[in-house]
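[1] Give me a model of this one.
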Amino acid sequence: IGQVIADTFEKSGHLIEAEGEVVLEDPPIKGHFDVLINGFDEFEEELFMGEVKSINDYAFDKLPEEHDFMPASQSPLMQSYEGYIIQWNTYAVLKEVERGFIIFESKNTQRHKVFWLNSDRELFEQCVEKVGRAAPYLLQRWLPPVPTERNPYGGDSICNRCDRRYLCELAPRDGMALDDLIKLDQQVRG
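    Here you go, the predicted structure:
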């Protein structure tokens, strides 16, 4: 779907780059955005960062109403698609792009919704700070301790969505080597 959108922008003469890479060295962040385009109409002097997401019809029907430009952190998508907003915002800030969009397409019916976003430096700094805390563990292949604000033992909405929260009950509270955790997971799941 992302390629179809990129091809459409290319045919219209607006595509600057598709599947472009963004990199931050410290902390290490690397990703690939779907499209970078030049603007149109009153925005023709601007660049736009675009992400395309394909979801099923059930999830599509639960999306909030489309909206015009607003700071990424204020989008109603933050309620159920926070990861997509953080992803888009990170790409936009790293490419020094002020505006853009996330297009959702229903896999079942090819309906679209477009959410227009302004990059949000504060949200980006929060992301960088979080990655900065996690990076040393990832680079050493070490599972960090369960954060004090998380409760995998019940009642935590983030932990409740995790498919592997049972590992927090089995792993030492102060963390463990990732390879050992993988072996433990394989033993538990059989």
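[2] Tell me how far the least confident helix or strand in the chain by mean pLDDT lies from the chain's centre.
    Comparing helices and strands within the chain by mean pLDDT, DSSP states H and E singles out helix 166-170 as the least confident, with a mean of 82. Taking C-alpha atoms, centre = their mean, to the nearest Å, one finds the center of helix 166-170 at 25 Å from the center of the full chain.
[3] Just the C-alphas of it, formatted as CSV.
    The C-alpha trace of helix 166-170 is given here as CSV (Å, rounded to 0.1, in the frame of the first residue of the first chain):
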residue,chain,number,x,y,z
TYR,A,166,4.6,-13.9,32.0
LEU,A,167,8.3,-13.6,31.5
CYS,A,168,8.4,-10.7,34.0
GLU,A,169,7.1,-13.1,36.6
LEU,A,170,9.8,-15.6,35.8
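[4] Moving C-terminal from that helix, which element do we reach first?
    Sequence order places strand 176-177 as the next helix or strand after helix 166-170, per DSSP states H and E.
[5] for the record, mean pLDDT for that next one?
    Averaging pLDDT along strand 176-177 yields 90.
[6] Which strands and helices lie in contact with that strand?
    Applying 3 or more C-beta pairs under 8 Å, 6 or more residues apart in numbering; DSSP states H and E, one finds that strand 176-177 contacts strand 142-143. All C-beta spots, glycine's among them, are computed from the backbone N, C-alpha and C.
[7] so is residue 105 in a helix, a strand, or just coil?
    strand (DSSP: H, G, I helix; E, B strand; the rest coil).
[8] If it is in a bridge, with which residues?
    Counting by DSSP bridges, residue 105 forms beta bridges with residue 54, residue 112.
[9] Cheers, nothing more for now.
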